[in-house]
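Novice: Just to be clear, the model below is a prediction. Sequence and coordinates:
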Amino acid sequence: MLTKRHLAVLRAALQFFDEEMTPHGAHALRHYFDKPLREALKPEEVRELRDLLRRSELLYACYDPIDSRLIGPELSATAEAALAMATTQNGMVATVVLPLAT
């Protein structure tokens, strides 16, 4: 499950990628993808993702993988709370990425 700590690492990695790799052009980036991209990644796309993740927060839900639906209407602020609900409901924890409230 994606955690708030993971999100912090992703933000830092994207900042590094943007600041240190994109100035060298698309040819320098291609080695970092599991599968080649059909079109070269543009620096604006990296910056857009950085900005999106900077303005996002993580919440957690209990998910029923068999019925493909959320269990319960509320999102949890912590993964532990969602995990406790998932354990009692035979569900899984789903990570929800939401824009920060402004």
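Specialist: Received, thanks.

Novice: what's the next secondary structure element after the helix or strand where Ala61 lies?
Specialist: Using DSSP states H and E, Ala61 sits within strand 56-64. Remark: after strand 56-64, the chain's next helix or strand is strand 69-76, criterion DSSP H and E.

Novice: helices or strands next to that next one in the packing?
Specialist: Applying 3 or more C-beta pairs under 8 Å, 6 or more residues apart in numbering; DSSP states H and E, one finds that strand 69-76 contacts strand 56-64, helix 79-89. Just so you know, the C-beta spots here come from the backbone N, C-alpha and C atoms, and that holds for glycine as well.

Novice: How is this structure divided into domains?
Specialist: Segmentation of the chain into domains, based on automatic domain parsing, reads 1-54, 56-102.

Novice: Tell me which of the helices and strands packed on strand 69-76 is the most buried.
Specialist: Among the helices and strands packed on strand 69-76, the stretch with the highest mean neighbour count (mean count of other C-beta atoms under 10 Å) is strand 56-64, at a mean of 19.

Novice: Note down every partner strand of that strand and its orientation.
Specialist: Under the criterion DSSP bridges, strand 56-64 sits next to strand 69-76 (antiparallel), strand 92-99 (antiparallel) in its sheet.

Novice: Of all the residues in the last one, which ones are buried?
Specialist: Residues of strand 92-99 classed as buried by neighbour count (16 or more other C-beta atoms under 10 Å): Met92, Val93, Ala94, Thr95, Val96.
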